[in-house]
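Novice: Fold the following and give me the result.
(chains A and B)
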Amino acid sequence: MPNQTKADAILTPHNSGEDEASLLDILDHVLNAGIVLHGSLVLSVAGVDLVYLGLNAILTSVETALKHVEQRTLPS
Amino acid sequence: MANTLKSKAQAGNGRLLYLYGISARNPKVTINGSIHGTAAVERLEDSGLTAWLSRVPETEFGAKLAANMEDLKWLASASVRHQRTVSRICEAVTLLPARFGTVFKSEDSLLQHMHEQKDKLLETLARIEGTEEWGVKLFLNPSPPASPIEAVSGRDYLRAKAMVQVKKRTALDPDVVEFARELQAIAADSAPAGKVSSGQSNLEWQASFLVRKKDRPKWDNMLKRYATRWADRREIQCTGPWPPYSFV
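Specialist: Presented below is the predicted three-dimensional model:
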(Lines give C-alpha, C1' and ligand atoms only; values in the text may rest on other atoms or scores of the structure.)
Protein backbone atom coordinates (compact mmCIF):
# COMPACT_ATOMS: atom_id res chain seq x y z
CA MET A 1 0.00 0.00 0.00
CA PRO A 2 1.33 3.44 -0.81
CA ASN A 3 2.82 5.00 2.23
CA GLN A 4 2.48 8.56 3.22
CA THR A 5 5.66 10.16 2.03
CA LYS A 6 8.05 12.24 4.04
CA ALA A 7 6.63 15.30 2.37
CA ASP A 8 3.16 14.16 3.19
CA ALA A 9 3.95 13.74 6.85
CA ILE A 10 4.89 17.39 6.87
CA LEU A 11 1.92 18.43 4.82
CA THR A 12 -0.87 16.68 6.62
CA PRO A 13 -1.46 16.12 10.27
CA HIS A 14 -3.58 13.00 10.11
CA ASN A 15 -6.25 12.04 12.54
CA SER A 16 -8.62 9.18 13.19
CA GLY A 17 -10.19 9.41 9.73
CA GLU A 18 -7.02 8.02 8.18
CA ASP A 19 -8.13 4.43 7.63
CA GLU A 20 -11.30 5.44 5.90
CA ALA A 21 -9.47 7.97 3.78
CA SER A 22 -6.93 5.45 2.60
CA LEU A 23 -9.62 2.97 1.53
CA LEU A 24 -11.26 5.80 -0.39
CA ASP A 25 -7.93 6.60 -1.98
CA ILE A 26 -7.43 2.97 -2.94
CA LEU A 27 -10.86 2.78 -4.53
CA ASP A 28 -10.25 6.09 -6.29
CA HIS A 29 -7.08 4.80 -7.89
CA VAL A 30 -8.06 1.18 -8.46
CA LEU A 31 -11.60 1.47 -9.84
CA ASN A 32 -12.20 2.48 -13.43
CA ALA A 33 -8.48 2.66 -14.06
CA GLY A 34 -5.91 0.23 -15.42
CA ILE A 35 -5.54 -1.44 -18.76
CA VAL A 36 -8.44 -3.25 -20.34
CA LEU A 37 -7.62 -6.10 -22.67
CA HIS A 38 -10.65 -5.86 -24.89
CA GLY A 39 -13.14 -8.63 -24.69
CA SER A 40 -11.23 -10.35 -21.95
CA LEU A 41 -13.25 -9.33 -18.98
CA VAL A 42 -14.82 -12.13 -17.00
CA LEU A 43 -16.45 -15.02 -18.75
CA SER A 44 -17.72 -14.99 -22.27
CA VAL A 45 -21.18 -15.69 -20.92
CA ALA A 46 -21.05 -12.73 -18.59
CA GLY A 47 -19.72 -10.35 -21.20
CA VAL A 48 -18.02 -7.00 -20.94
CA ASP A 49 -21.16 -5.02 -20.29
CA LEU A 50 -21.93 -6.81 -17.09
CA VAL A 51 -18.59 -5.83 -15.61
CA TYR A 52 -18.95 -2.20 -16.58
CA LEU A 53 -22.45 -2.14 -15.14
CA GLY A 54 -20.97 -3.57 -11.99
CA LEU A 55 -18.39 -0.81 -11.81
CA ASN A 56 -20.96 1.92 -12.19
CA ALA A 57 -23.07 0.32 -9.51
CA ILE A 58 -20.08 0.24 -7.16
CA LEU A 59 -19.40 3.92 -7.65
CA THR A 60 -23.04 4.69 -6.97
CA SER A 61 -23.19 2.50 -3.87
CA VAL A 62 -19.92 3.87 -2.51
CA GLU A 63 -21.13 7.43 -3.04
CA THR A 64 -24.42 6.63 -1.37
CA ALA A 65 -22.71 4.98 1.58
CA LEU A 66 -20.45 7.99 1.99
CA LYS A 67 -23.36 10.40 1.94
CA HIS A 68 -24.98 8.44 4.76
CA VAL A 69 -21.77 8.52 6.76
CA GLU A 70 -21.37 12.22 6.15
CA GLN A 71 -24.93 13.03 7.11
CA ARG A 72 -24.53 11.16 10.35
CA THR A 73 -21.34 12.98 11.30
CA LEU A 74 -22.35 16.48 10.23
CA PRO A 75 -23.83 18.61 12.95
CA SER A 76 -27.16 20.18 12.05
CA MET B 1 -15.80 -14.99 -27.89
CA ALA B 2 -14.23 -16.83 -30.76
CA ASN B 3 -11.19 -17.90 -28.81
CA THR B 4 -13.01 -19.91 -26.16
CA LEU B 5 -13.34 -23.01 -28.33
CA LYS B 6 -9.65 -23.65 -28.70
CA SER B 7 -8.85 -23.14 -25.03
CA LYS B 8 -7.01 -26.28 -24.18
CA ALA B 9 -5.06 -24.84 -21.26
CA GLN B 10 -8.04 -24.06 -19.08
CA ALA B 11 -7.29 -22.64 -15.67
CA GLY B 12 -9.01 -25.83 -14.50
CA ASN B 13 -10.35 -27.10 -11.21
CA GLY B 14 -12.95 -24.36 -11.06
CA ARG B 15 -10.20 -21.74 -11.20
CA LEU B 16 -9.96 -18.55 -13.21
CA LEU B 17 -6.95 -16.37 -13.93
CA TYR B 18 -6.98 -13.04 -12.12
CA LEU B 19 -4.70 -10.57 -13.89
CA TYR B 20 -2.69 -7.95 -11.95
CA GLY B 21 -0.90 -6.50 -14.92
CA ILE B 22 1.60 -6.92 -17.72
CA SER B 23 5.32 -6.20 -17.87
CA ALA B 24 8.08 -6.46 -20.46
CA ARG B 25 10.60 -8.02 -18.12
CA ASN B 26 10.16 -11.29 -16.25
CA PRO B 27 12.20 -11.10 -13.05
CA LYS B 28 12.07 -14.23 -10.91
CA VAL B 29 10.74 -12.67 -7.74
CA THR B 30 8.34 -14.00 -5.14
CA ILE B 31 5.43 -11.69 -4.41
CA ASN B 32 3.85 -12.08 -0.99
CA GLY B 33 0.08 -11.86 -0.74
CA SER B 34 -2.48 -11.96 -3.53
CA ILE B 35 -6.06 -11.09 -4.44
CA HIS B 36 -7.42 -14.24 -2.81
CA GLY B 37 -6.49 -16.34 0.23
CA THR B 38 -3.26 -18.23 -0.21
CA ALA B 39 -3.25 -18.12 -4.02
CA ALA B 40 0.29 -17.49 -5.32
CA VAL B 41 1.29 -14.75 -7.74
CA GLU B 42 2.46 -16.42 -10.95
CA ARG B 43 4.09 -15.16 -14.12
CA LEU B 44 3.10 -16.20 -17.62
CA GLU B 45 5.57 -15.19 -20.33
CA ASP B 46 4.94 -15.08 -24.04
CA SER B 47 6.71 -13.30 -26.89
CA GLY B 48 8.34 -10.59 -24.83
CA LEU B 49 5.48 -9.86 -22.43
CA THR B 50 4.84 -11.25 -18.97
CA ALA B 51 1.41 -11.46 -17.34
CA TRP B 52 1.27 -11.42 -13.53
CA LEU B 53 -1.68 -13.43 -12.24
CA SER B 54 -3.23 -15.66 -9.59
CA ARG B 55 -5.54 -18.66 -9.94
CA VAL B 56 -8.77 -17.77 -8.14
CA PRO B 57 -12.02 -19.68 -7.49
CA GLU B 58 -14.59 -19.42 -10.24
CA THR B 59 -17.33 -19.38 -7.60
CA GLU B 60 -16.16 -16.01 -6.35
CA PHE B 61 -14.62 -14.39 -9.44
CA GLY B 62 -16.82 -15.83 -12.18
CA ALA B 63 -20.42 -14.92 -12.87
CA LYS B 64 -20.74 -13.66 -9.28
CA LEU B 65 -17.94 -11.10 -9.65
CA ALA B 66 -20.21 -8.20 -10.62
CA ALA B 67 -22.49 -8.86 -7.65
CA ASN B 68 -19.50 -9.19 -5.31
CA MET B 69 -18.15 -5.87 -6.53
CA GLU B 70 -21.34 -4.20 -5.41
CA ASP B 71 -20.91 -5.64 -1.93
CA LEU B 72 -18.90 -2.96 -0.17
CA LYS B 73 -17.38 -5.37 2.33
CA TRP B 74 -16.14 -7.69 -0.38
CA LEU B 75 -14.99 -4.76 -2.49
CA ALA B 76 -13.09 -3.11 0.35
CA SER B 77 -11.16 -6.25 1.14
CA ALA B 78 -10.52 -7.26 -2.48
CA SER B 79 -9.46 -3.78 -3.57
CA VAL B 80 -6.94 -3.54 -0.74
CA ARG B 81 -5.52 -6.97 -1.63
CA HIS B 82 -5.42 -6.02 -5.31
CA GLN B 83 -3.65 -2.74 -4.56
CA ARG B 84 -1.09 -4.33 -2.21
CA THR B 85 -0.24 -7.04 -4.70
CA VAL B 86 0.05 -4.68 -7.66
CA SER B 87 2.24 -2.32 -5.63
CA ARG B 88 4.57 -5.17 -4.67
CA ILE B 89 4.90 -6.25 -8.29
CA CYS B 90 5.64 -2.62 -9.21
CA GLU B 91 8.58 -2.66 -6.80
CA ALA B 92 10.14 -5.40 -8.94
CA VAL B 93 9.24 -4.36 -12.46
CA THR B 94 7.59 -1.69 -14.63
CA LEU B 95 3.99 -2.90 -14.77
CA LEU B 96 0.89 -1.94 -16.72
CA PRO B 97 -1.69 -2.44 -13.99
CA ALA B 98 -4.83 -4.22 -15.15
CA ARG B 99 -8.26 -2.92 -14.33
CA PHE B 100 -9.51 -4.25 -11.00
CA GLY B 101 -11.53 -7.43 -11.61
CA THR B 102 -9.94 -8.50 -14.90
CA VAL B 103 -10.40 -12.26 -15.05
CA PHE B 104 -9.56 -14.78 -17.78
CA LYS B 105 -10.98 -18.20 -18.35
CA SER B 106 -7.80 -19.74 -19.70
CA GLU B 107 -4.13 -19.09 -20.39
CA ASP B 108 -4.92 -19.25 -24.10
CA SER B 109 -7.43 -16.41 -24.00
CA LEU B 110 -5.09 -14.26 -21.91
CA LEU B 111 -2.12 -14.92 -24.21
CA GLN B 112 -4.18 -14.24 -27.30
CA HIS B 113 -5.24 -10.82 -26.01
CA MET B 114 -1.69 -10.00 -24.97
CA HIS B 115 -0.46 -11.00 -28.39
CA GLU B 116 -3.09 -8.96 -30.25
CA GLN B 117 -2.23 -5.81 -28.33
CA LYS B 118 1.49 -6.34 -28.00
CA ASP B 119 2.56 -3.15 -29.83
CA LYS B 120 0.23 -0.94 -27.84
CA LEU B 121 1.20 -2.58 -24.54
CA LEU B 122 4.92 -2.13 -25.23
CA GLU B 123 4.36 1.49 -26.23
CA THR B 124 2.49 2.23 -22.98
CA LEU B 125 5.14 0.38 -20.96
CA ALA B 126 7.80 2.64 -22.48
CA ARG B 127 5.76 5.73 -21.60
CA ILE B 128 5.35 4.82 -17.92
CA GLU B 129 8.93 3.60 -17.42
CA GLY B 130 10.51 5.36 -14.43
CA THR B 131 7.29 7.05 -13.32
CA GLU B 132 4.86 6.77 -10.42
CA GLU B 133 1.32 7.94 -9.84
CA TRP B 134 0.57 10.46 -7.08
CA GLY B 135 -2.81 11.61 -5.85
CA VAL B 136 -3.20 15.20 -4.71
CA LYS B 137 -6.19 16.52 -2.77
CA LEU B 138 -6.89 19.96 -1.37
CA PHE B 139 -9.10 20.32 1.67
CA LEU B 140 -10.38 23.68 2.80
CA ASN B 141 -9.92 24.25 6.49
CA PRO B 142 -13.30 24.48 8.18
CA SER B 143 -14.35 28.13 8.38
CA PRO B 144 -13.07 29.73 11.55
CA PRO B 145 -15.69 30.90 14.04
CA ALA B 146 -14.49 34.44 13.29
CA SER B 147 -17.05 34.67 10.48
CA PRO B 148 -20.30 33.35 11.91
CA ILE B 149 -23.49 33.69 9.95
CA GLU B 150 -25.12 36.77 11.36
CA ALA B 151 -28.85 36.56 11.36
CA VAL B 152 -31.70 37.86 13.37
CA SER B 153 -34.35 35.30 12.57
CA GLY B 154 -34.34 31.58 11.84
CA ARG B 155 -35.40 32.27 8.29
CA ASP B 156 -32.53 34.70 7.72
CA TYR B 157 -30.16 32.15 9.18
CA LEU B 158 -31.28 29.47 6.74
CA ARG B 159 -31.06 31.87 3.84
CA ALA B 160 -27.54 32.92 4.81
CA LYS B 161 -26.54 29.29 5.30
CA ALA B 162 -27.81 28.43 1.84
CA MET B 163 -25.73 31.23 0.39
CA VAL B 164 -22.59 29.94 2.05
CA GLN B 165 -23.20 26.54 0.50
CA VAL B 166 -23.82 28.04 -2.92
CA LYS B 167 -20.63 30.04 -2.62
CA LYS B 168 -18.70 26.84 -2.00
CA ARG B 169 -19.65 25.49 -5.40
CA THR B 170 -18.47 28.42 -7.49
CA ALA B 171 -15.37 28.46 -9.67
CA LEU B 172 -11.99 27.30 -8.44
CA ASP B 173 -9.85 29.71 -6.50
CA PRO B 174 -7.19 31.18 -8.85
CA ASP B 175 -4.55 30.03 -6.35
CA VAL B 176 -5.69 26.45 -6.88
CA VAL B 177 -5.55 26.86 -10.65
CA GLU B 178 -2.00 28.16 -10.33
CA PHE B 179 -1.11 25.24 -8.03
CA ALA B 180 -2.50 22.75 -10.55
CA ARG B 181 -0.51 24.41 -13.33
CA GLU B 182 2.71 24.14 -11.35
CA LEU B 183 2.05 20.47 -10.58
CA GLN B 184 1.42 19.82 -14.27
CA ALA B 185 4.64 21.55 -15.24
CA ILE B 186 6.65 19.09 -13.12
CA ALA B 187 4.58 15.97 -13.86
CA ALA B 188 4.84 13.87 -17.00
CA ASP B 189 1.04 13.67 -17.20
CA SER B 190 -2.13 14.38 -15.24
CA ALA B 191 -5.59 12.85 -15.02
CA PRO B 192 -8.87 13.53 -13.24
CA ALA B 193 -9.08 11.78 -9.88
CA GLY B 194 -11.49 8.92 -9.23
CA LYS B 195 -15.03 9.65 -8.16
CA VAL B 196 -15.18 7.59 -5.01
CA SER B 197 -13.88 10.18 -2.55
CA SER B 198 -15.69 13.11 -4.15
CA GLY B 199 -18.08 13.13 -1.18
CA GLN B 200 -15.36 13.83 1.40
CA SER B 201 -16.06 16.86 3.54
CA ASN B 202 -14.27 20.07 2.61
CA LEU B 203 -12.61 18.51 -0.43
CA GLU B 204 -11.89 21.46 -2.69
CA TRP B 205 -9.96 19.89 -5.54
CA GLN B 206 -8.24 16.63 -6.49
CA ALA B 207 -6.28 15.10 -9.38
CA SER B 208 -3.83 12.32 -10.21
CA PHE B 209 -0.35 12.92 -11.58
CA LEU B 210 2.25 10.79 -13.29
CA VAL B 211 5.61 11.88 -11.88
CA ARG B 212 9.06 10.81 -13.03
CA LYS B 213 10.99 9.29 -10.14
CA LYS B 214 13.88 11.64 -10.86
CA ASP B 215 11.57 14.64 -10.44
CA ARG B 216 10.49 13.67 -6.94
CA PRO B 217 12.67 16.29 -5.16
CA LYS B 218 11.16 19.06 -7.33
CA TRP B 219 7.68 17.67 -6.75
CA ASP B 220 8.11 17.43 -2.96
CA ASN B 221 9.58 20.91 -2.73
CA MET B 222 6.71 22.43 -4.62
CA LEU B 223 4.16 20.73 -2.37
CA LYS B 224 6.03 21.92 0.71
CA ARG B 225 6.12 25.47 -0.61
CA TYR B 226 2.34 25.50 -1.07
CA ALA B 227 1.73 23.73 2.25
CA THR B 228 3.56 26.57 4.00
CA ARG B 229 1.82 29.23 1.98
CA TRP B 230 -1.63 27.77 2.64
CA ALA B 231 -1.06 26.63 6.23
CA ASP B 232 -4.05 28.49 7.64
CA ARG B 233 -6.39 28.09 4.67
CA ARG B 234 -6.20 24.60 3.25
CA GLU B 235 -4.54 21.25 3.71
CA ILE B 236 -2.67 19.43 0.95
CA GLN B 237 -2.91 15.66 1.00
CA CYS B 238 -0.56 13.79 -1.28
CA THR B 239 -0.72 9.98 -1.50
CA GLY B 240 1.56 7.60 -3.31
CA PRO B 241 3.49 6.26 -4.94
CA TRP B 242 0.68 4.38 -6.67
CA PRO B 243 1.07 2.06 -9.63
CA PRO B 244 0.23 4.14 -12.73
CA TYR B 245 -3.44 3.06 -12.69
CA SER B 246 -4.75 6.29 -14.19
CA PHE B 247 -2.20 6.56 -17.00
CA VAL B 248 -2.43 3.32 -18.90
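Novice: residue ranges with poor pLDDT in chain B?
Specialist: B:1-12, B:143-152, B:157, B:160-170 (pLDDT under 70).
Novice: those strands in it, which residues are they?
Specialist: Here chain B has its strands, by DSSP state E, at B:15-23, B:42-46, B:49-57, B:95-97, B:103-104, B:131-140, B:189-192, B:203-212, B:234-242.
Novice: if you look at the third one, does any of it touch chain A?
Specialist: Spelled out, it's strand B:49-57. No. Strand B:49-57 lies out of reach of chain A by CB under 8 Å from any CB of the partner chain, never closer than 9.5 Å. No exception for glycine: its C-beta is placed from N, CA and C like everyone else's.
Novice: Now that strand: buried residues?
Specialist: By 16 or more other CB atoms under 10 Å in any protein chain shown, the buried positions in strand B:49-57 come out as B:Leu49, B:Thr50, B:Ala51, B:Trp52, B:Leu53, B:Ser54, B:Arg55, B:Val56, B:Pro57.
Novice: picking that back up, out of the strands of chain B, which one sits most buried?
Specialist: Most buried of the strands of chain B by mean neighbour count (mean count of other CB atoms under 10 Å in any protein chain shown) is strand B:95-97; its value is a mean of 27.
Novice: Which elements pack onto that strand?
Specialist: Packed against strand B:95-97 by the contact rule (3 or more CB pairs under 8 Å, 6 or more residues apart in numbering or on different chains; DSSP states H and E) you find strand B:15-23, helix B:72-92, helix B:118-128.
Novice: Pipe those into a markdown table and attach distance to B:Pro142 per row.
Specialist: What follows is these, written out as a markdown table (distance: least, CB to CB, whole Å):
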| stretch | distance to B:Pro142 |
| --- | --- |
| strand B:15-23 | 40 |
| helix B:72-92 | 27 |
| helix B:118-128 | 38 |
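Novice: and of the ones you listed, who's closest to B:Leu158?
Specialist: helix B:72-92 (33.9 Å; CB to CB).
Novice: What residues does B:Glu178 make contact with?
Specialist: For B:Glu178, the contact set (CB atoms under 8 Å, 6 or more residues apart in numbering or on different chains) is empty.
Novice: mind checking how far it is from chain A?
Specialist: 18 Å (CB to the nearest CB, to the nearest Å).
Novice: One more: B:Asp215?
Specialist: 13 Å.
Novice: Could you find the closest non-adjacent residue to that residue?
Specialist: B:Ile186 (5.6 Å; CB to CB, 6 or more residues apart in numbering or on different chains).
Novice: Okay then, goodbye and thanks.
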